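>>> below: sequence and its predicted model.
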Amino acid sequence: MRSARALLMFLLAIMVCEPARAAMLDVAAGDGLGEAIAHAAPGDTLLLAPGVHRGSVVIATPNLTLQGAAGAVIEGGRAGSTITVRSPGNVLRGLIIRGSGLSLIDKDSAVFLDGGADRAVIEDNVFEDNLIAIYLDGPRDAMVRRNHIQGLRTLRISERGPAISLWRTPGSQIVDNDIRSGRDGVFSVTSSHNLVRGNSFHDLRFAVHFMYTNDSEVDDNFSAGNGVGYVLMYSDRLRVHDNVSEDDRDHGLLFNYANDSRIEDNVVRGGKKCVFIYNANKNRFAGNWFEGCEVGIHFTAGSERNEITGNSFVRNRIQVMYVGTRRLDWSVQGRGNYYSDNPAFDLNGDGIADTAYRPNDLMDQILWRAPAAKLLLNSPAVQVVRWAQSQFPAIHPGGVVDTAPLMAPPRPSALARLAQ
């Protein structure tokens, strides 16, 4: 009798101590999603049936998964945020989410992750007709991947929200998304240690826009047909590599007060300026391909201590535009850059041209500072000045000189991928 009682007590103890198993709960289309979320336990998975499920809903249960069957739609009804996540470890997967509110001040979004939504995963969803698709407002280590985002085309670009907005969300990653027709593709402010990788951007103002975002990485992204490809401002210690900008209208790469960064193996083809550098210091530009722009690189406003080596400037109307009097040598440890308009010789066959390359002369600087002087461009006086500078380099006013220009263009791997 005593042994039977002990066995019963042991079994009861196991039942009390064992946590409840996670449940798979079916949710029919209609108005019941909010109630299903409210009654779910941590670790449960809600399986949303095909059809329209009504937002706006709030997830405050940790480790809850919302999994959509094919055709499962969460409709926001143009009021506030469609889904607000306030607890850690939640997953949103396989859903069509649309119809957020239209207030930028209120951060109306399809999915709004607040500061409690650490480690959230937003993956394999379709976002349509939202002011902001995904807003990361303070969570840590969130993952946003493989989503298709179509912005609000009924609004002017200046009135749209960013597709994905990041604010103080360290460790969060934006990976392999297809983003179209918003204002900015990824807009990050006051954040750090973020990764933007493998995304595709079309029909936007800026593809990637960083402000005060430090120690982060932008790599292997594709930007085409946007106003500007990659805009990196007031941000330090970035790694920007293996990205493509194809026919972005104004700039492929733009750096404004971006410092101590490595910009390597990117490809920019077409547009007004392949790269614009404004007061950006102590950066390394290496192995990039700049082709077919009106200006290959515009370098201005006191940018100092930058290394520019191993880049290819190919068929740009103006390869280098620098208005300044300081002498800048664009070679590092005896290796400069390639310029397609450099008619140099390499008599010893070491791959380095035998003479230095000077992309600009005194008349270039005069024309940039006083465009009306173009009326004199073909005058004998201008031709005499240019001839004199070619014969007597000492009278150059300063500017860029590449003392070890390359005879052949280095070709980054991103260029080979474009050809496939």
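Looks like it came in fine.

>>> which helix or strand contains Ala414?
helix 413-419 (DSSP states H and E).

>>> what is the mean pLDDT for that helix?
Averaged over helix 413-419, pLDDT sits at 86.

>>> now for that helix, which elements pack on it?
strand 244-246, strand 267-269 (3 or more Cβ pairs under 8 Å, 6 or more residues apart in numbering; DSSP states H and E). Yep, even glycine has a C-beta here, placed from its N, CA and C like the rest.

>>> now those strands as CSV including mean neighbour count?
Shown next, in CSV, are those (neighbours: other Cβ atoms under 10 Å):
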stretch, mean neighbour count
strand 244-246, 23
strand 267-269, 25
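
>>> buried ones in stretch 230-250, by neighbour count?
230-233, 235-236, 238, 240-246, 248, 250 (16 or more other Cβ atoms under 10 Å).

>>> to Arg86, which of the helices and strands packed on helix 413-419 lies closest?
Arg86 lies closest to strand 244-246 among the helices and strands packed on helix 413-419, at 37.3 Å (Cβ to Cβ).

>>> hmm, who's touching the closest one?
207, 221-225, 229-230, 252-253, 266-271, 274, 414, 417-418 (Cβ atoms under 8 Å, 6 or more residues apart in numbering).

>>> ok, now stretch 225-234?
In contact with stretch 225-234 (Cβ under 8 Å, 6+ apart) are residues 157, 185, 201-212, 218, 221, 223, 238, 240, 243, 245-258, 261, 268.

>>> just the buried subset of the residues you listed, written out for ChimeraX, thanks.
The buried residues among the contacts of stretch 225-234 can be selected in ChimeraX (16+ other Cβ under 10 Å) with this line:
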select :157,185,201,203,204,205,206,207,208,209,210,211,218,221,223,238,240,243,245,246,248,250,251,252,253,254,255,256,257,258,261,268
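
>>> contact partners for the residue nearest to Asn348 when sequence neighbours are not counted?
Distances taken as Cβ to Cβ, 6 or more residues apart in numbering put Asp354 closest to Asn348, at 7.6 Å, once the chain neighbours are dropped. Taking Cβ under 8 Å, 6+ apart, we find Asp354 in contact with Ala344, Phe345, Asp346, Leu347, Asn348.

>>> would you list the phi and psi of Tyr230?
phi -120, psi 110 (degrees, to the nearest 10).

>>> now it, which residues is it bridged with?
Val208, Leu253 (DSSP bridges).

>>> and it, what pLDDT?
98.

>>> kindly report the same for the one 10 residues further on.
Looking at Val240, its pLDDT is 98.

>>> now do the contacts for it.
Glu217, Val218, Asp219, Tyr230, Leu232, Leu253, Ser261, Arg262, Ile263, Glu264, Asn266 are the contacts of Val240 under Cβ under 8 Å, 6+ apart.

>>> just checking: what are the partner strands of the host helix or strand of it?
Using DSSP H and E, Val240 sits in strand 239-241. Sheet pairing of strand 239-241 (DSSP bridges) gives strand 217-219 (parallel), strand 262-264 (parallel).

>>> immediately after the helix or strand bottoming out on mean pLDDT in the chain, which helix or strand?
For the chain, using mean pLDDT, DSSP states H and E, the weakest element among its helices and strands is helix 2-17, scoring a mean of 47. For helix 2-17, the following helix or strand on the C-terminal side (DSSP H and E) is strand 24-27.

>>> which parts of the helix or strand that comes right after that next one are buried?
From strand 24-27 onward toward the C-terminus, using DSSP H and E, the following helix or strand is helix 33-39. Neighbour counts over helix 33-39 (16+ other Cβ under 10 Å) mark Leu33, Ala36, Ile37 as buried.

>>> grab the nearest non-local neighbour of the first one.
This points to Leu33. Spatial nearest neighbour of Leu33, excluding adjacent residues (Cβ to Cβ, 6+ apart): His53 at 4.4 Å.

>>> surely that neighbour touches Glu75?
Yes: counting by Cβ atoms under 8 Å, His53 does reach Glu75; the two are 7.1 Å apart.

>>> the two: who's more crowded?
Between His53 and Glu75, counted using other Cβ atoms under 10 Å, His53 has the larger neighbour count: 28 against 17.
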